[in-house]
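> From the sequence below, what's the structure:
(chains A and B)
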Amino acid sequence: MNEGYARRPRVGLFVTCLVDLVRPSVGFAAARLIEAAGCEVFVPAQTCCGQPAYNSGDSASARTLALQTMKAFDGLDYVVVPSGSCAAMLKLHYPRLMAGDTEAEAHARAFAERVHELSSFLVDVRGMTAVPGSFDGRVTYHDGCSGLRELKVREQPRRLLSTVPGLELVEMADTETCCGFGGLFAMKFPAISNAMVTAKCVSAVAVEPDLVLAGDLGCLLNVAGKLSREGSAIRCRHFAEVLAGELDAPPIGAGREGGTA
Amino acid sequence: MTNRSTFDAAIATALADEPLQRALGDVPSGFVAARRRARTELPGFERLRRTARDIRDHTLAHLDLYLEAFETNATRAGSKVHWASNGEDARRIILDICRNAGARIVTKSKSMVSEEIELRGHLENASLDVVETDLGEYLVQIRNERPSHIIAPAIHLRLSDVADAFRAQHPHLPADRDLETPEAMIAEAREVLRERFLAADVGITGANFLVAETGSAIIVTNEGNADLTMSLPKVHIVLTSIDKVVPTFADAWPLLRLLARSATGQALSAYTTIVTGPRRQDDGEGPEACHIVILDNGRTELLASDLRPVLRCIRCGACMNHCPVYCSIGGHAYGSVYPGPIGAVLSPALAGPGATAHLAEASTFCGRCEEVCPVEIPLVSMLRKWRTRDFSRPASARSRALLRAWAFLAARPLAYRIVARLGTRVLAALGGSCGRLERAPFASAWTRYRDLPAPQGRTFQEQWARRKRAEPT
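Residues are numbered from 1 along each chain as shown, chains lettered A, B, ... in the order given. Modelled structure (predicted):
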């Protein structure tokens, strides 16, 4: 690269399949935040990171998808992911998947160095202290398990949310407890998953927020789906939407008629 | 032992069991809060966990050496060491000891290894009168159940269940006696058990740790029942397993400091007893003989496998207390001796993978278990290893086909794009203006309990490409 030291960092956005398929507005919000942090955003053709296969015990399929994903992001300075779960897959588990193949493992380690969860990238790498968005209301933040425990993402999203004009962050009880999504777990053990998401919604409802925020669309689909089934007026969004001020799209699962938050 | 369909039935039963749900609901404010306090009060707790992990790993790496040293030193102290490669061996050895002692009454303190080999039932079938002396185990025994937690075996019971069980089990006591308070129940248990302690011919305990340098067993309880179990009868049997050994007392202390804190939040269990051989010449009391039965039961194979770290376990139960799945369904639903995350990893190794590998599915991989594990067992990776082993089994054919289809598509970005465009449009249309699906035949497991938020319409990649094309270059 010979553009010189003033060149803006080139960031590859790995949107995750859930954002790609279900909620593109999160991808645009993430792109806006990365640009606001002084970077240039690229979106290489991408599919799934391979986590469903990896966590189901299908290492061969997971490896194929890991190699494909790493190749797609070659040549970019960073890979930023608006999901703690998928980011942990790229950052921590790709090298483990390649164990035994020295060259692939080295490639995966070098790749992993460049991977960051969105809020961690904005705060830890770019030192962001102000965000484009504003929001007038109360929000609570649910910690996604992988982001929290594997990547130690806890303060970063909260710090960014605290800079949003008008936003009041209220912490719910047991915010570090799993919501019961767990990828295919929700489909394989629906009754246990339901017990877990019910408990999560009780905690969320208790602090009377306008919005429940999280950094993983999996958790959000689960919590939003449960809240709407229970007839709650509380809405859900990815934190990136609030930080970026991308609030035109209706909240998750709320539809065009539902809710203004 | 369960298969997937009995597991599903047990899950449904557990979720509908209101008393159980109330009991499980107390776990966060009980064990979890207690551990948190204990962790806060001990500076260097996290450092201690790493020390403990290293002690366990070192011991496991030289297990043969330390087990032989233990045998030598235990023998020197007057104990008799027996090696049992499986449950059948261990049961036979113990029954022989009981018969040689002419035993009729056997007292027993809490031991998960004894649950693993179903010792009590076996001894009862041989016409021995076996009495569990840990209060929780006693309750589980008289209700003809299994423990539902490795340190709190009767965690699933309410006070009224205990009173009912006592009235049924102790018909010789006045029917109109007061059993309203925990104190009254404990007093009755103490009364009943004391007679058995004094009458017992053989006492069987577990061991939390075996100390190689002296041939000692370390046994912790909160009730002191193990002390009476081991010191009053003329024969003491320690039933334990090969993974319990540590090199020296100096190695045992960090583990003991973590064990009670991780389990109940105590700095140390109420009773920590070190037993080194039977009564010596000048001892005023104690058993005439001490037998130590050391079980393998699949552990050597674990030691040689990539699941070795699971043998670090010191049986504190923190992983189950912090597991949202365990706290939803309780211990019995697992259908295995060891429930919760550690049980899902350990049980298939002890019982044969076909029987219990499905337990590894029952996790969201949330990782709280390994976050609190005092010996840093990477439980999520261990569970994933079981899933990997299970993936190729014929029983997994359906999920394998679905996953492979997804992976096939995801490995072909063009095909993926076409299917994704089509799928998101259809789902968005189905979601209509309310933006969600209340019923979806392809995802009924999901929509039975919650709505399915509908896709916004076009995929992100499709929209992004369109925006990029529209931008002036």
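
> ranges for the strands of chain A?
For chain A, the strands defined by DSSP state E cover A:10-13, A:40-42, A:78-81, A:115-117, A:137-142, A:167-169, A:211-214, A:235-238.

> any chance of these in TSV, plus mean neighbour count?
C-beta here means a position set from N, CA and C on the backbone, and glycine is covered the same way. Shown next, in TSV, are these (neighbours: other Cβ atoms under 10 Å in any protein chain shown):
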stretch	mean neighbour count
strand A:10-13	23
strand A:40-42	17
strand A:78-81	26
strand A:115-117	26
strand A:137-142	21
strand A:167-169	17
strand A:211-214	27
strand A:235-238	27
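
> Walk me through the domains of chain B.
With automatic domain parsing as the criterion, the domains of chain B are listed as B:1-37+B:317-374+B:382-400, B:42-300, B:412-470.

> thinking again about what came up before, so which of the strands of chain A gets nearest residue B:356?
Nearest of the strands of chain A to residue B:356, taken as Cβ to Cβ: strand A:137-142 at 31.9 Å.

> do the closest one and chain B meet at all?
No: contact between strand A:137-142 and chain B is absent, the nearest approach being 12.2 Å (criterion: Cβ under 8 Å from any Cβ of the partner chain).

> Look up how far residue B:157 lies from residue A:221.
Residue A:221 sits 38 Å away from residue B:157, taking Cβ to Cβ, to the nearest Å as the criterion.

> Among the two, which residue is more densely surrounded?
Taking residue A:221 and residue B:157 together and counting by other Cβ atoms under 10 Å in any protein chain shown, residue A:221 has the greater number of neighbours (25 against 21).

> Surely that one and residue A:253 touch.
Yes: here residue A:221 reaches residue A:253: they are 7.3 Å apart, a contact under Cβ atoms under 8 Å.

> Overlap in contacts, these two.
Common neighbours of residue A:221 and residue A:253 are listed as B:452-453 (criterion: Cβ atoms under 8 Å, 6 or more residues apart in numbering or on different chains).

> Export the strands of chain A as TSV, with columns for mean pLDDT.
Below are the strands of chain A laid out as TSV (pLDDT from 0 to 100):
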stretch	mean pLDDT
strand A:10-13	98
strand A:40-42	97
strand A:78-81	98
strand A:115-117	98
strand A:137-142	98
strand A:167-169	98
strand A:211-214	98
strand A:235-238	98
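
> Which one, of these, ends up nearest to residue B:66?
Of all the strands of chain A, the one in closest proximity to residue B:66, counting by Cβ to Cβ, is strand A:115-117 (41.8 Å).

> List the neighbouring strands of the closest one plus their orientation.
Neighbouring strands of strand A:115-117 in its sheet, by DSSP bridges, are strand A:78-81 (parallel).

> Alpha carbons of the strand it pairs with, as PDB, please.
In PDB, the C-alpha atoms belonging to strand A:78-81 read as follows (Å, rounded to 0.1, in the frame of the first residue of the first chain):
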ATOM      1  CA  TYR A  78      -9.700  -4.600   9.700                       C
ATOM      2  CA  VAL A  79     -12.700  -6.900   9.700                       C
ATOM      3  CA  VAL A  80     -15.500  -5.500  11.800                       C
ATOM      4  CA  VAL A  81     -18.600  -7.500  12.900                       C
END
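
> Just give the number of residues close to the nearest residue to residue B:357 once chain neighbours are set aside.
In space, not counting the residues next to it along the chain, residue B:357 is nearest to residue B:390; the distance is 4.2 Å by Cβ to Cβ, 6 or more residues apart in numbering or on different chains. By the criterion of other Cβ under 10 Å, residue B:390 has 20 neighbours.

> Distance check, residue B:390 against residue B:4.
Counting by Cβ to Cβ, the gap from residue B:390 to residue B:4 is 11 Å.

> Can you tell me which of the domains of chain B is most buried?
Between those, domain B:1-37+B:317-374+B:382-400 has the highest mean count of neighbours, a mean of 20, where neighbours are mean count of other Cβ atoms under 10 Å in any protein chain shown.

> For residue 122, list the residues it contacts.
Answering for chain A, as no chain was given. Shown here is residue A:122, whose contacts under the criterion Cβ under 8 Å, 6+ apart are A:33-34, A:37, A:128, A:156, A:160.

> hmm, I had chain B in mind actually
Going by Cβ under 8 Å, 6+ apart, residue B:122 touches B:91, B:95.

> my guess is it is in a strand, correct?
No: assigned with DSSP: H, G, I helix; E, B strand; the rest coil, residue B:122 falls outside any strand and is helix.

> Please tell me how far it sits from chain A.
Noted for residue B:122: a distance of 34 Å to chain A, by Cβ to the nearest Cβ, to the nearest Å.

> picking up where we left off before, output the strands of chain A as CSV; include the columns distance to residue B:250.
CSV is the format used below for the strands of chain A (distance: least, Cβ to Cβ, whole Å):
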stretch, distance to residue B:250
strand A:10-13, 51
strand A:40-42, 56
strand A:78-81, 45
strand A:115-117, 42
strand A:137-142, 44
strand A:167-169, 47
strand A:211-214, 46
strand A:235-238, 51
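
> Which one of these lies nearest to residue B:47?
When the strands of chain A are ranked by distance to residue B:47, counting by Cβ to Cβ, first place goes to strand A:115-117 at 27.1 Å.

> Of the contacts of residue A:122, which is the nearest to chain B?
For these, the minimum distance to chain B (Cβ to the nearest Cβ) is 12.9 Å, reached by residue A:34.

> since we're on the closest one, how many residues are nearby?
As a burial measure, the neighbour count of residue A:34 was computed by other Cβ under 10 Å and equals 27.

> Is it in contact with residue A:80, as I believe?
Yes: here residue A:34 reaches residue A:80: they are 5.9 Å apart, a contact under Cβ under 8 Å.

> Grab the nearest non-local neighbour of residue B:372.
Using Cβ to Cβ, 6+ apart and skipping the chain neighbours, the partner closest in space to residue B:372 is residue B:318 (4.5 Å).

> what residues are up against that neighbour?
Shown here is residue B:318, whose contacts under the criterion Cβ under 8 Å, 6+ apart are B:31, B:35, B:262-263, B:369, B:372-374.

> what's the distance between it and residue A:205?
Using Cβ to Cβ, one gets 29 Å for the distance from residue B:318 to residue A:205.

> before we move on, what about residue B:312?
In this structure, residue B:312 lies at 40 Å from residue A:205, with Cβ to Cβ as the measure.

> Between those two, which has more neighbouring residues?
Counting neighbours by other Cβ under 10 Å for residue B:312 and for residue A:205 shows that residue B:312 has the greater number, 22 against 17.

> For that one, give me its contacts.
Residues near residue B:312 by Cβ under 8 Å, 6+ apart: B:53, B:56-57, B:60, B:375-377.

> Also residue A:130?
The contact partners of residue A:130, taken as Cβ under 8 Å, 6+ apart, are residue A:163.

> Not counting residues beside it along the chain, what's closest to whatever residue of the stretch 51-200 of chain A ends up closest to chain B?
Closest approach of the stretch 51-200 of chain A to chain B (Cβ to the nearest Cβ) occurs at residue A:182, with a separation of 2.7 Å. Beyond its immediate neighbours in the sequence, the residue positioned closest to residue A:182 (Cβ to Cβ, 6+ apart) is residue B:364, lying 2.7 Å away.

> swap in residue B:173?
When the adjacent residues along the chain are set aside, residue B:173 lies closest to residue B:188, with 7.0 Å between them (Cβ to Cβ, 6+ apart).

> Assumed the one you found was part of a helix.
Yes: counting by three-state DSSP, residue B:188 falls inside a helix.

> ok, back up a step: which neighbours do residue B:390 and residue B:4 have in common?
Both residue B:390 and residue B:4 are contacted by residue B:358, under the criterion Cβ under 8 Å, 6+ apart.

> contacting residues for the residue nearest to the spatial centre of chain B?
Nearest to the geometric centre of chain B sits residue B:338, at 3.7 Å (Cα atoms, centre = their mean). Residue B:338 makes contacts with B:112, B:116, B:150, B:346-347, B:350, as judged by Cβ under 8 Å, 6+ apart.
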